[in-house]
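In: here is a sequence together with a model predicted from it:
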Amino acid sequence: MKDPNAVEILLIEDNPRDAELTLRALRKNNLANNVLIAEDGEEALDFFFCRGKYEKRNISTPPKVVLLDLKLPKISGLEVLKIVKSDNRTANIPVVVITSSRQEPDIMEAYKMGANSYVVKPVDFDQFINAMSSLGLYWLLVNEPLKWVEL
Amino acid sequence: MYLSETKYDLKKTFPLKLVVMFILFTLGIILVGFYYYRDQRKRIFLEQENDLGAIASLKLSQIEQWREEMLKDAEILKNNELLVNVIKESFDDRDMAIQYENILKWLESVCKEFDGTGASLVDTSLNVLFSVSQTDSITGKYITEDLVTVLSDKKVHLTELHQTGIKKGDVIDLLIPLSDFRREDQRLFCIIIVRIELRKTLFPIIESWPATSTSSETQVVCKEGDSVLYLNNLRHQQNTSSNLKLPLSNEQLLASKAVGGIDGIVEGVDYRNIPVVGYITRIPGLPWYMVAKINKEELQAPLRRVLYFVIIVVILLGLLIAFTHVLWMREKEVRSIARDNAALRRAEEEIRRLNAELEHRVTERTEQLEASNKELEAFCYSVSHDLRSPLRSIHGYTTLLIEEYKENLDDEGKRLCGVITSSAAQMGELIDDLLGFSRIGKCNINSVLLEMDSLAAIVFEDITSKKEKAEITLEIGKLHKTYGDLSLMRLVWNNLISNAIKYSSKVSSPLISIGSEQEDGMINYYVKDNGVGFDMRYKHKLFGVFQRLHGEKEFEGNGVGLAIVNRIIARHNGKVWAEGEVGKGAAFYFSLPANMKDKSEMIK
């Protein structure tokens, strides 16, 4: 188990094959070193708010980006997004919605709830790798995150 | 139109049935009134007839009584043996002075007894021996006949009416024969003549009328030659006693009728030519007739009262019926209006109820539709998400296989892996297109003014490579502006232009022309190319989903593009169609309403 405080990318994805492909895509650009995979919404929320098996995590060291699939068991991706974005402690963490869905209402809902980006996973693996790597590069290297301030 | 309306109104105001009923009622009342009047008339006439008859018979009995009494008294005198003997003795007395004095005295008393105006005594030779108040000779021609009769039958006798020359007036003479009782043969020895003036004796009895009446009177008439003579004094004409003679030729005259032998109730005129009703009767024992008459006018006064009464009652009843009719009709009208109103209200309620029901059903159906829409959306979501996810795995892992195990794969293995990846990619596109197509059906149309020529030009610019741009000749004219959804219309141009490029890519010098023209309130846009064209026999398949007229190897594509165009144009209230010829090119048209202003006129 990785040190949860060192996690740079939180991948919330229930499909292990998609998770593997995503990891591979990130790995191709050497971005997969500090990736943590949460398999459902509940685990993701535990991570965000340092509960359950992540209780030792320090809330003041958030991941640089969260990759959120919308279709999740237990607690759906949109619900996770809503909770995270409406809590002051986690509201500033960048959340990128990556999903197979092109459904317009989903896109709209996601942006309304404060998603920072919305990416549709291409079927074509090359395109997929391209999308993932540019995503990782942007949020980990280009984007300047907000420094944590204890409230 | 107008006439028939008026007619209808009239008929409505005066229904035939009511009018007929009104007329029948009125006629009935008039008829009843008429019969009542006739009945009353008959009754009054009968009453009057009875009255007149009663009066006439009263008079008659009075006359009779008067006459009987006179004759009876005369008979008593005649049979008074003692008295007659005394008279005879005086008669036979030689002393003329005594004789004269006694007889004259006696004669005077007899005259008085019979209310006579004078009395005489004649011998059997008809010589007047003694006279009392008698200046006139009574042995005229007229009386002589009677005297002769008396001489032979020795009975009391009453002469006919006659007039005396000296003293005017109608008189009759009572002849009383006196017989010598002492002689065996009772020989007649003298006759007493008592002259009786009717004016003083009989007529007052006749002229008195027992009932209060203004016009009634009793006339005693007799025939005299060609005339009828009124014997008594008439009520309405002075000094008529035996003075008034009227010709018999006047047949209407009651007196004429009387002497003509008619009796009973008779209508006619009186001596003044006034219409009268009279009762005629013959006076027994005398050649006289009595007429008890009353003026018709007086008679008709009660009749007129009855008539007026009947007329007033008829008019009142008629008015009453008319009034009732009007009231009835009004009420009927009011009732029918109320009925109409009630029907109207019922109909309104029914409509309201149906409306409510309809609304309820619409709501229900809408809910159902919304539910099924939601289901459809969920289905699309599943397709989009769940199908794409395994496809991505297939594509991804096959790619990984090719990349990471390329040393272990021979060329055939690599080709097979390639087929897998390309198929997966194609299926991904198919799913995307299908979702896109279904999205067009339910997305909102955001209508804005579109510069169609620049939009088409931009789309052409976007979808062509440098190489293609160099090869293709694009003719794009000035296109009509229109209102529509920008992204959807861009998709239309995209599909049509990319089709044109695709199907003209195999000719040596591709030509694409884009234009528009206005016709019948519609703007027709077109994209023409000089490519492979199509067989017009299959044009109906062009705009269906997944319908293709060319093989995958010839031209790639999945057959969704034109279906999307069709759907977008339909949502803009337009139409699509195409013309083409194999090997010569194709033209795709779409029309949009020219007067389309903003999205409020769009049908969602």
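Out: Ah, there it is. Just so it is clear, the structure is predicted and the values come from calculations on it, not from any experiment.
In: pretty sure residue B:121 is in a strand, no?
Out: Yes: counting by DSSP: H, G, I helix; E, B strand; the rest coil, one finds residue B:121 located in a strand.
In: who does it bridge with?
Out: Under DSSP bridges, the beta-bridge partners of residue B:121 are residue B:130, residue B:192.
In: verify the stated contact: it with residue B:129.
Out: Yes: between residue B:121 and residue B:129 there is a contact under CB atoms under 8 Å: 5.1 Å. C-beta coordinates here come from the backbone N, C-alpha and C atoms, glycine included.
In: and the helices in chain B?
Out: Listed from the start of the chain, chain B has helices (DSSP state H) covering B:2-13, B:16-79, B:81-92, B:96-113, B:141-153, B:203-207, B:254-259, B:296-382, B:388-404, B:411-442, B:452-463, B:466-471, B:486-503, B:561-571.
In: again with chain A
Out: In order along the chain, chain A carries the following helices (DSSP H): A:16-28, A:41-48, A:77-85, A:104-112, A:125-137.
In: send the alpha carbons of the shortest one over as CSV?
Out: Written as CSV, here are the backbone C-alpha positions of helix A:41-48 (Å, rounded to 0.1, in the frame of the first residue of the first chain):
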residue,chain,number,x,y,z
GLY,A,41,-17.6,5.8,-4.5
GLU,A,42,-17.5,4.8,-0.9
GLU,A,43,-13.8,4.1,-0.9
ALA,A,44,-13.2,7.3,-2.7
LEU,A,45,-15.1,9.3,-0.1
ASP,A,46,-13.1,7.5,2.7
PHE,A,47,-10.0,8.6,1.0
PHE,A,48,-11.2,12.2,0.6
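In: average pLDDT across stretch B:194-207?
Out: For stretch B:194-207, the mean pLDDT works out to 78.
In: I should have written stretch B:566-579 there, sorry.
Out: Computed over stretch B:566-579, the average pLDDT equals 89.
In: just the buried positions in stretch B:68-85, please.
Out: Buried positions in stretch B:68-85, judged by neighbour count with 16 or more other CB atoms under 10 Å in any protein chain shown: B:70-71, B:73-74, B:77-78, B:84.
In: just the closest of these to chain A, please.
Out: Taking CB to the nearest CB as the measure, chain A lies nearest residue B:70 of these, at 150.1 Å.
In: verify the stated contact: the closest one with residue B:113.
Out: No: using CB under 8 Å, residue B:70 is not in contact with residue B:113; the gap is 9.9 Å.
In: between residue B:121 and residue B:129, what contacts are shared?
Out: Here residue B:121 and residue B:129 have B:103, B:190 as joint contacts, going by CB atoms under 8 Å, 6 or more residues apart in numbering or on different chains.
In: how about chain A: which residue is closest to chain B?
Out: Ranking the residues of chain A by distance to chain B (CB to the nearest CB) places residue A:123 first, at 3.1 Å.
In: tell me how many other residues crowd that residue.
Out: Here the count is done by other CB atoms under 10 Å in any protein chain shown, and residue A:123 has 27 residues near it.
In: what do you get for residue B:181?
Out: When neighbours are counted by other CB under 10 Å, residue B:181 registers 14.
In: torsion angles phi and psi at it?
Out: Backbone dihedrals for residue B:181, given as degrees, to the nearest 10, come out at phi -70, psi -20.
In: quick revisit: mind putting the helices of chain A into a markdown table with distance to residue B:541 and mean pLDDT?
Out: As requested, those are arranged in a markdown table below (distance: least, CB to CB, whole Å; pLDDT from 0 to 100):
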| stretch | distance to residue B:541 | mean pLDDT |
| --- | --- | --- |
| helix A:16-28 | 39 | 88 |
| helix A:41-48 | 47 | 90 |
| helix A:77-85 | 41 | 92 |
| helix A:104-112 | 30 | 83 |
| helix A:125-137 | 33 | 87 |
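In: hmm, back to that, quick check: phi and psi on the residue of chain A closest to chain B?
Out: Per degrees, to the nearest 10, the backbone of residue A:123 is at phi -70, psi -40.
In: and it, what does it touch?
Out: For residue A:123, the contact set (CB under 8 Å, 6+ apart) comprises B:388, B:391-392, B:395, B:424-425, B:427-429.
In: please name the spatially closest residue to it (chain neighbours excluded).
Out: Nearest residue to residue A:123 in three dimensions, chain neighbours excluded: residue B:428, at 3.1 Å (CB to CB, 6 or more residues apart in numbering or on different chains).
In: and residue B:293, by the same measure?
Out: residue B:278 (3.3 Å).
In: contacts only, for the one you found.
Out: The contact partners of residue B:278, by CB under 8 Å, 6+ apart, come to B:52, B:254, B:265-268, B:270, B:291-294.
In: what's the answer for residue B:391, then?
Out: With contact set as CB under 8 Å, 6+ apart, residue B:391 has these partners: A:123, B:424, B:427-428, B:431.
In: over to residue B:545?
Out: Contacts here follow CB under 8 Å, 6+ apart; on that basis residue B:545 touches B:437, B:559-560, B:563.
In: which pair in those spans the largest distance?
Out: Using CB to CB, the pair of these lying farthest apart is B:437 and B:559, separated by 10.5 Å.
In: just to revisit the earlier point, closest one of the contacts of residue A:123 to chain A?
Out: Of all these, the one with the least separation from chain A (CB to the nearest CB) is residue B:428, at 3.1 Å.
In: does that closest one touch residue A:122 like I think?
Out: Yes: if you go by CB under 8 Å, residue B:428 and residue A:122 touch, sitting 7.4 Å apart.
In: anything in contact with each of those two?
Out: Going by CB under 8 Å, 6+ apart, residues that sit against residue B:428 and also against residue A:122 are residue B:392.
In: got the contact list for residue B:417?
Out: For residue B:417, the contacting residues are B:398, B:401-402, B:409, taking CB under 8 Å, 6+ apart as the criterion.
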